[in-house]
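Asker: Pasting the sequence and the predicted model now:
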Amino acid sequence: MKYLAKRNYDSPMVSAFDSLFDNMLGDWGLLPSRMPAVDITETSDAYVLEAELPGYKQEDVKVSVEKHVLKLSSTKQSSKEEKDKKRLVSERCYQCFERSFTLPEDVNEQKIEGEFADGLLKLTLPKMEVAKPKAIEVKIK
């Protein structure tokens with residue numbers, strides 16, 4: 001065979017076209033979703049964020065907090081260059097995502113903890129006591 005077929009998921013035309021239909025109809029299972037599914041729950045002492053990241057390793061995922069915004073991001077390339085093989089078809093792609101969440105006022109950002117196992121990222125965002133506003137009486141003369 002003479003031709004090498006590659007899919008370029010990062011092409012501006014493919015991305016714009018795919019995102020149009022993904023937004024209107026969903027991806028219908030044709031292309032993998034680029035945004036990880038996230039569940040956020042609340043307990044009496046913490047918020048818990050769980051993100052599904054199948055195929056990712058712990059070192060592929062970056063978690064940061066800046067200005068009360070929690071950011072999950074990753075950049076991953078799944079193809080391997082093998083010099084001794086002639087590749088006829090390659091549909092592996094370069095993947096990246098970034099999700100941001102504005103944190104509630106009562107999250108203790110210094111004590112956020114995370115676990116990563118079996119493609120599931122679990123972040124525990126502990127709550128702290130927030131000073132309740134105190135009413136002050138203003139005297140009018």
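Answerer: Cool, the structure landed.
Asker: tally of neighbours for Ser64?
Answerer: 10 (other Cβ atoms under 10 Å). The way it works is simple: take the backbone N, C-alpha and C, and place the C-beta from them, glycine included.
Asker: nope, Leu72 is what I meant
Answerer: 22.
Asker: how close does the residue lying closest to Glu109 once chain neighbours are set aside sit to Val130?
Answerer: Leaving aside its sequence neighbours, Glu109 sits nearest to Val65 (Cβ to Cβ, 6 or more residues apart in numbering; 5.1 Å). Per Cβ to Cβ, to the nearest Å, Val65 is found 17 Å from Val130.
Asker: cool, and Ile136?
Answerer: For Ile136, the distance to Val130 - Cβ to Cβ - is 18 Å.
Asker: neighbour count winner among the two?
Answerer: Val130 (10 against 5).
Asker: Name all residues that make contact with the more buried one.
Answerer: Counting by Cβ atoms under 8 Å, 6 or more residues apart in numbering, Val130 makes contact with Glu105, Asp106.
Asker: Quick check on it: phi, psi?
Answerer: phi -110, psi 130 (degrees, to the nearest 10).
Asker: What of the one 5 residues further on?
Answerer: With angles defined as degrees, to the nearest 10, Ala135 sits at phi -80, psi 130.
Asker: That one: neighbour count?
Answerer: Counted with other Cβ under 10 Å, Ala135 comes out at 6.
Asker: what ranges do the helices span in this structure?
Answerer: Ranges of helices within the chain are 12-25, based on DSSP state H.
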